[in-house]
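>>> Below is the sequence, then the predicted model.
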Amino acid sequence: MSGISRRKFLAASVAVGAATTLGGTKKALAAGSFSGYPDGMGVLVDLTRCIGCRSCEAACNKEQKLPDPNLPFDDMSVFDQTFHHGTQKRRTDESAYTVVNRYTPEGSDPIYRKVQCNHCAEPACLSSCSVNAYTKTKEGAVIYNGSVCVGCRNCMIACPFNVPAYSYSSAFGAVVKKCIFYHETRLKDGLPPACVEICPQEALTFGKRKDLLKIGHQRIQTHPGRYIDRIYGEKELGGTHWMYLSPIPVEEVGFDPRPGNEPIISHVKDFLGVVPMVLAIWPALFTGFHLLAKNQEGHEDHEHEIEQQHDEEGGQQ
Amino acid sequence: MKSLIKLGVKPVDSLINERNDKRWTVMDKLFLGLTPGQYLGQALRNPFNWILGLIFAVGIPLILYRFVFGLGAITHASNDYPWGLFLGFGLFVMVPLSASGFMLGTTVEIFGRHDFHPIERLALLNGLLGYFFAVIYLMVDLGQPWRLPYPMFWSFGPAAVLFLVAWHVATYLSVQIAEVSVAFFEWMDWLGGKRFIRRITIGLTVSGIILSTLHQGALGALFNYAPGKVHPLWYSASFQWIHFFVSAIPAGLYMVIVVSTIIKKTMAWRCDDGFLDSLDRCTLGLAKGASMGLITYLVIKFIGVAHDNEWAYLATGWGAWFLFEMAVGVLLPLVLFAYAIRHQIASLARWGAAFTVFGIVLNRLNTALITFNWKLYQEIPHIFEFIVAVTVFAIYITTYRFILYRLPILYSWKEQPQEALAPEAVKVAPVRTTVSPANAVYRKID
């Protein structure tokens, strides 16, 4: 390699380094701490009030125009369904964006828990998406743009609540599927989602997240025996816009009791910070190694050059 | 092929057919200088081709089936295990086993260890094909494979680790195509292209190191999105990307040893003396260098356990599985390498390499599939998913072999047959006539 081309190479690597460092700054900003949208809406789910009527499931199915279920919504035998050798209860999938499960703790009445997207303040799905399909709206919803979804399913890996599902049955339009809080059709106009509207027990309370937290703490204070002293989703994983009040420890209704208060993105920040450093440092470091090795005594590089000359002669023949 | 060589047939390894002093045509080169009849005959006599044929007969219809009826038709359509074998094996295993390209590029071009030159091209090809087929696996897995370029050109999610992987794998694939194209240019006798690549070799190699560091690491960092799902022994909050990067180094190098062993056993006719004679030396050299990476990996794995204070998990069933992976995939090969290098036994080093490759395969499968969702349940992939994964792997082997048979990877390309030269020219012939790198130089030095 001649002196000039080496200089050219170094210049190019500086340019690349500079460009990527700038690119990296944007990333760092995007990954900065975010305190959530103050006026975002949410739902408080009170597990003591839910009677497992499944009308929320039916309302969701109807308004989202999802396919008819195998068993009708008034068939309560679905609560006895288990999967994967009895270890799993029902979960959200491409034809059900919300499901209600029954838990029966020893010596007490059954508790029902509704599952749907919890609309995190700092969503893991959003931060893992390589095509930026997800958006956290200021109204509080986590929505996605199916028309850019590549179908890599990284968001399903990332979601700590195992909520996003995938249209496995579709050959040409397979994208991720989940609850979107009726962002376009209801939430933007300040209307509650269909599931909240239909709930006969007022187990679901729709409102601004900050107000829901007040309501939740008030209920815990007024009825100290009825609830455990925790609003699940207040702090967990950076806070969620759907939150739960439970009469029993949350692990008994199928939640991870200690998911940590950090949003998922904080687990990845360290690595994202390494990226611009490697891009900036490696070119000089390894070109430097090469130059050191090349000037070393007894290094066979000159043989290499002789050989290269022969090549060039060969090429001119 | 062996029987044909006994009959005096010589596979194409030069520009000019020494029988009639004419240049080989591209068709001649594709048929290795055999007549179509001879070529078909040797292909049919090879029992391995029948096995491949059987796999394709079952697997290729299944792949078509998948594209017509969706991924759910050949998998369990699991929403809890969104990544199955195609990514768990195809992406997370194939990519570290293909780290060979950038590692040998670094050794030869950056550190100037030209004694590893005979095996460099094989390592580069191994890298290129591994990545290429990781992308093929990805295409089989993606919901909308035609949207694969979206992260590059259409919709950007620059804060996502997968965005990084997409960009880096795409760029690195181009770098590797450029690196391997040298052999293709020789074969096609396009020396201008070859000279151009030569000139930018250092640039290519350094970009290879940068891109490899980042995307090998990024594959690990992808699991940082699922801190509660991967078992703590396979998950490290702080070191996941370093674990993946460091283990990719021995993985790639030992993969080259494994591949070269298979080649030596099954394809010796295609190798020239320069390759065969230096193989034991290269094997031991690689084993020695890579064992540094392997022992580092062992240490940082246990630092990971200590850092997150996960010792208690070692006493569980998962712990035993973890210790098995470490013992068979890391510790045992280290012992074998120590003995092999001390007593210069290449065959023992080859066993060590095989165990290491097994260990890395197991590690990636453990992280991506087996211990994933350890709190939920374990899922065994659908039989069709296995078959499709095996089929894509068989296509990989077929392509690999197709290229090795033809391009000057295992042998050096001769611009002129040696017989055509005057006797005094023959003495210097290796330097003057051999286009391919080091063999010539080393024959002279030896």
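Cool, got the structure. Numbering: from 1, shown residues only, chains lettered A, B, ... in the order given.

>>> Strands of the chain, residue ranges please.
Went with chain A since none was named. A:41-46, A:99-103, A:111-115, A:134-136, A:142-144, A:165-166, A:176-177, A:204-208, A:231-232, A:242-245 (DSSP state E).

>>> if you could check chain B rather than the one you did, that'd help
Going by DSSP E, chain B shows strands at B:16-17, B:22-23.

>>> among the ones you listed, which is the most enclosed?
Comparing the strands of chain B by mean neighbour count (mean count of other CB atoms under 10 Å in any protein chain shown), strand B:16-17 ranks first with a mean of 16. For glycine as for every other residue, the C-beta is placed from the backbone atoms N, C-alpha and C.

>>> follow-up on the earlier one: dump the strands of chain B to TSV, plus mean pLDDT and distance to chain A.
Output for the strands of chain B, formatted as TSV (pLDDT from 0 to 100; distance: least, CB to the nearest CB, whole Å):
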stretch	mean pLDDT	distance to chain A
strand B:16-17	74	13
strand B:22-23	76	14
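
>>> Which among the strands of chain A is found nearest to chain B?
strand A:165-166 (4.7 Å; CB to the nearest CB).

>>> what is the mean pLDDT for the closest one?
Mean pLDDT, computed over strand A:165-166, is 92.

>>> Other residues contacting it?
A:91-94, A:97, A:151, A:153, A:156, A:174-178, B:77, B:79, B:82, B:143 (CB atoms under 8 Å, 6 or more residues apart in numbering or on different chains).

>>> Output the below-cut-off pLDDT ranges for the stretch 1-150 of chain B.
For the stretch 1-150 of chain B, residues meeting the criterion pLDDT under 70 lie at B:1-3, B:6-8.

>>> got the residues of it near chain A?
Residues of the stretch 1-150 of chain B that fall close to chain A, judged by CB under 8 Å from any CB of the partner chain: B:67-72, B:75, B:77, B:79-80, B:82-83, B:106, B:109-112, B:114, B:141-144, B:147-148, B:150.

>>> so what's the closest residue to A:Glu251 other than its chain neighbours up against?
With CB to CB, 6 or more residues apart in numbering or on different chains as the criterion, A:Glu251 has its nearest non-adjacent residue at 4.2 Å, and that residue is A:Pro257. Counting by CB under 8 Å, 6+ apart, A:Pro257 touches A:Pro249, A:Val250, A:Glu251.

>>> separation between B:Thr399 and B:Leu52?
11 Å (CB to CB, to the nearest Å).

>>> In the stretch 51-200 of chain A, mark out all the helices, start to finish.
A:55-63, A:124-128, A:154-158, A:194-198 (DSSP state H, counting those that start in this stretch).

>>> centre of the chain versus the first one, how much separation?
Put plainly, it is helix A:55-63. How far helix A:55-63 lies from its chain's middle: 24 Å, per CA atoms, centre = their mean, to the nearest Å.

>>> which strands and helices sit next to it?
Under the contact criterion of 3 or more CB pairs under 8 Å, 6 or more residues apart in numbering or on different chains; DSSP states H and E, helix A:55-63 touches strand A:99-103, helix A:194-198.

>>> Let me see the residues that make contact with the last one.
What it means is helix A:194-198. So helix A:194-198 is contacted by A:43, A:55-60, A:62-63, A:98, A:114, A:116, A:182, A:186, A:204-206 (CB under 8 Å, 6+ apart).

>>> Which of those residues are buried? Put it as a ChimeraX command.
ChimeraX command restricting those to the buried ones, with burial defined by 16 or more other CB atoms under 10 Å in any protein chain shown:
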select /A:43,55,56,57,58,59,60,63,98,114,116,182,186,204,205,206
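
>>> Spell out which parts of the stretch 251-400 of chain B neighbour chain A.
B:Lys375, B:Leu376, B:Tyr377, B:Glu379.

>>> my guess is the second one meets A:Thr87, correct?
Yes - in terms of CB atoms under 8 Å, B:Leu376 counts as a neighbour of A:Thr87; the distance is 6.7 Å.

>>> Counting neighbours, go ahead and name the busier of those two.
B:Leu376 (15 against 11; other CB atoms under 10 Å in any protein chain shown).

>>> show me what contacts the more buried one?
Contacts of B:Leu376 by CB under 8 Å, 6+ apart are A:His84, A:Thr87, A:Gln88, B:Asp80.

>>> show me what contacts the third one?
A:Gln88 is in contact with A:Thr82, B:Asp80, B:Leu376, B:Tyr377, counting by CB under 8 Å, 6+ apart.

>>> shaky segments in chain A?
A:1-35, A:295-317.

>>> Taking it, what residue is nearest to chain B?
Across chain A, no residue is closer to chain B than A:Gly151, which sits at 1.8 Å (CB to the nearest CB).

>>> if I pick that residue, what's in contact with it?
Here A:Gly151 is in contact with A:Tyr166, A:Ala174, A:Val175, A:Val176, B:Leu142, B:Gly143, B:Gln144, B:Arg147 (criterion: CB under 8 Å, 6+ apart).

>>> try 10 Å this time
A:166-168, A:170, A:173-176, B:71, B:82, B:141-145, B:147-148 (CB atoms under 10 Å, 6 or more residues apart in numbering or on different chains).

>>> Among the residues you listed, name the buried ones.
The neighbour count (16+ other CB under 10 Å) marks A:166-168, A:170, A:174-176, B:71, B:82, B:141-144, B:147-148 as buried among the contacts of A:Gly151.

>>> So which of those is the closest to B:Arg19?
Taking CB to CB as the measure, B:Arg19 lies nearest B:Leu148 of the buried ones among the contacts of A:Gly151, at 47.0 Å.

>>> Buried residues in the longest helix anywhere in chain A, which are they?
The residue-count maximum for a helix in chain A (DSSP state H) belongs to helix A:265-295. The neighbour-count check on helix A:265-295 (16+ other CB under 10 Å) flags A:265-269, A:271-272, A:274-276, A:278-280, A:282-283, A:286-287, A:289-290, A:294 as buried.

>>> centre of the chain versus it, how much separation?
That offset, for helix A:265-295, works out to 29 Å (CA atoms, centre = their mean).

>>> Next, the contact list for residue 223, please.
If you meant another chain, say so; for now it's chain A. Contacts of A:His223 by CB under 10 Å, 6+ apart are A:Thr48, A:Leu245, A:Pro247.

>>> wait, I meant chain B there
Residues near B:Phe223 by CB under 10 Å, 6+ apart: A:157-158, A:267-268, B:92, B:161, B:229-230, B:234-236, B:240-241, B:243-244, B:367-368, B:372.

>>> and what of B:Thr75?
Residues counted as contacts of B:Thr75 (CB under 10 Å, 6+ apart) are A:168, B:66, B:81, B:84-86, B:141, B:379, B:381-382, B:384-385, B:388.

>>> So which of those wins on neighbours?
B:Val388 (28 neighbours).

>>> ok, now how distant is it from B:His343?
The value you get for B:Val388 to B:His343, if CB to CB is used, is 44 Å.

>>> Equivalent analysis for B:Thr261, please.
In this view, B:Thr261 and B:His343 are 18 Å apart by CB to CB.

>>> Give the residue from the two that has the larger number of neighbours.
Per other CB under 10 Å, whichever of B:Thr261 and B:His343 has more neighbours is B:Thr261, with 19 against 8.

>>> Neighbours of the residue nearest to the more buried one when sequence neighbours are not counted, how many?
In space, B:Thr261 comes closest to B:Arg350 once its chain neighbours are excluded; the distance is 4.8 Å by CB to CB, 6+ apart. When neighbours are defined as other CB under 10 Å, B:Arg350 has 23 of them.

>>> low-confidence ranges in the stretch 301-446 of chain B?
Looking at the stretch 301-446 of chain B by pLDDT under 70, you get B:416-446.

>>> 90 instead, please
B:308-309, B:373-381, B:405-446 (pLDDT under 90).

>>> so B:Ile387 touches B:Phe86, yeah?
No - if you go by CB atoms under 10 Å, B:Ile387 and B:Phe86 don't touch, sitting 11.9 Å apart.
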